[in-house]
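Enquirer: Just the structure for this:
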Amino acid sequence: MKTRGVHLQYSFEATDQRGAVLHNPLFDLLSAVREHGSIQHAAKALGASYRHVWGALKRWEETLGEPLLTWVQGQPARLTPFADRLLWAETRARTRLTPHIEALRAELERVLDEALDGDQHVLPILASHDLALPLLRDRASSAERLHIELRFAGSVDALTALAQGRCLVAGFHVPPLPAGSPVFAKVMKPLLQPGVHKLIGCVRRMQGLMVAPGNPLGLRGLADISGSTARFVNRQPGSGTRLLLDHLVDEAGIEAGSIRGWNDAPEDSHVAVAAAVASGQADVGPGLAAAARQFGLDFVPLVEEDYFLVCLKDALDHPAVLKLRETLASRAWHDTLSTLPGYAPWHGGEVLSLTQALPWWHFRVAKHPQAAG
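Expert: Numbering: from 1, shown residues only. Next comes the predicted model:
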């Protein structure tokens, strides 16, 4: 038996439509044959030729693998029992789904209107996981008519997507490290180029350890976890938080393998780590103060870090990027941030150079003065 499936599609037309009327040529044809009793009369009612209707019926029979008409010489053409059941079932389904079809039609009409509205802008952002960005998306939508298509990925994946043209803006985070960091420099430096990329200030946030209420194991830092029985849940390689942890253990001279669970199954977001600790699957994990609060956990601060948005230099004048910067600089956005523990505004909407915002990078700008950030 041939595999058969249902394919739905819609179209944009010059004329408007009201209600949930749907047309399908097969059911229009079957209804016409049942009503008029012959292919010839059905063809006339549909404004088509006898040959066209005949050929269409044969194609539908081949597709469905069932006969649709009963032919008896001297008698009107009749639908087969299969065709009758099919027509009845489609009518019943169409009637039952009418409210949903109308809602879909109205929503698609709204989408078309928004697309035609020159004041509405769309901005694709691929960013390292953050709890403030969904609030930024909501604020931009209501205040600036800016629709942010927000997707989360690791910092490395986000910057790679920007380089490949898969987003207009990327988000990543790093701590201010004036003394330098071989861990961050090795991973980040190849992905960002002074003079090519521009940073946009976003927020400053606190990273730390999320532990059970009351911190029953008395954990105050990574050194307390090293060599202990505490079960640690890590973040995925390539995420900004994982890079931060790699930097911190390297700076403290801690052997990562001495932390129980360091190389086990990682989580891909702050809330996933918080959920693992809250459910008792782990004793401690890295994350944000806001994520700890959300799951009723205690929080041990470790380091402040800066969350940047970044785009290509020539995208700074893009209307959607300009609206994004306006949102980040607004008083309303600063008030929204105040509701998130561990967050604070930080150069919101300002254009920052790589060499100034990331002084630990140690770019050799003297050799290439034309590439000033």
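
Enquirer: care to break this protein down by domain?
Expert: Per automatic domain parsing, the domain ranges recorded for the chain read 25-116, 125-371.

Enquirer: Quick one, which of these gets closest to residue 13.
Expert: With distances scored as CB to CB, the stretch of those nearest to residue 13 is domain 25-116 (10.9 Å). Just so you know, the C-beta spots here come from the backbone N, C-alpha and C atoms, and that holds for glycine as well.

Enquirer: Can you tell me who the most centrally placed residue in the chain pairs with across the strands?
Expert: Closest to where the C-alpha atoms of the chain average out (CA atoms, centre = their mean) is residue 151, at 3.1 Å. Here residue 151 sits in beta bridges with residue 126, going by DSSP bridges.

Enquirer: want to throw the domains of the chain into TSV with distance to residue 12 and mean pLDDT?
Expert: Conversion of the domains of the chain to TSV gives the following (distance: least, CB to CB, whole Å; pLDDT from 0 to 100):
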stretch	distance to residue 12	mean pLDDT
domain 25-116	7	83
domain 125-371	20	92
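
Enquirer: Compile those domains into CSV and extend it with columns for distance to residue 8.
Expert: Putting the domains of the chain into CSV (distance: least, CB to CB, whole Å) gives the following:
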stretch, distance to residue 8
domain 25-116, 10
domain 125-371, 24
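
Enquirer: Return the most buried member of these.
Expert: For the domains of the chain, ranked by mean neighbour count under the definition mean count of other CB atoms under 10 Å, the leader is domain 125-371 at a mean of 18.

Enquirer: quick one on the thing from earlier: of the domains of the chain, which approaches residue 11 most closely?
Expert: In this view, the domains of the chain are compared for proximity to residue 11 by CB to CB, and domain 25-116 is the closest at 10.2 Å.

Enquirer: Can you show me the helices along the chain?
Expert: Secondary structure of the chain (DSSP state H): helices at 25-36, 39-46, 50-64, 81-116, 133-144, 155-163, 182-188, 222-225, 240-252, 270-278, 289-294, 319-329, 331-337, 354-357.

Enquirer: Just list whatever residues bridge to the nearest residue to residue 244 once chain neighbours are set aside.
Expert: For residue 244, ignoring the flanking residues on the chain, the nearest one in space by CB to CB, 6 or more residues apart in numbering is residue 207 at 6.1 Å. Each beta-bridge partner of residue 207 is listed here: residue 288, residue 303, as defined by DSSP bridges.

Enquirer: Residue numbering should commence at 853 henceforth.
Expert: From this message on, residue numbering opens at 853, which makes the last subject residue 1059.

Enquirer: wait, residue 1059 sits on residue 1138?
Expert: Yes. Under the contact definition of CB atoms under 8 Å, residue 1059 touches residue 1138, with a separation of 6.6 Å.

Enquirer: what is in contact with those two at once?
Expert: When contacts are counted by CB atoms under 8 Å, 6 or more residues apart in numbering, residue 1059 and residue 1138 have 1093, 1096, 1154 as shared neighbours.

Enquirer: Contact partners for residue 921?
Expert: Here residue 921 is in contact with 885, 891, 909, 929-932, 935 (criterion: CB under 8 Å, 6+ apart).

Enquirer: Just flag the most distant two among these.
Expert: Greatest spatial distance in the contacts of residue 921: 891 and 932, 14.1 Å, computed using CB to CB.

Enquirer: ok so, going back, who are the contact partners of the residue nearest to residue 1096?
Expert: Contacts here follow CB under 8 Å, 6+ apart; on that basis residue 1059 touches 1027, 1093, 1096, 1138-1140, 1153-1157.
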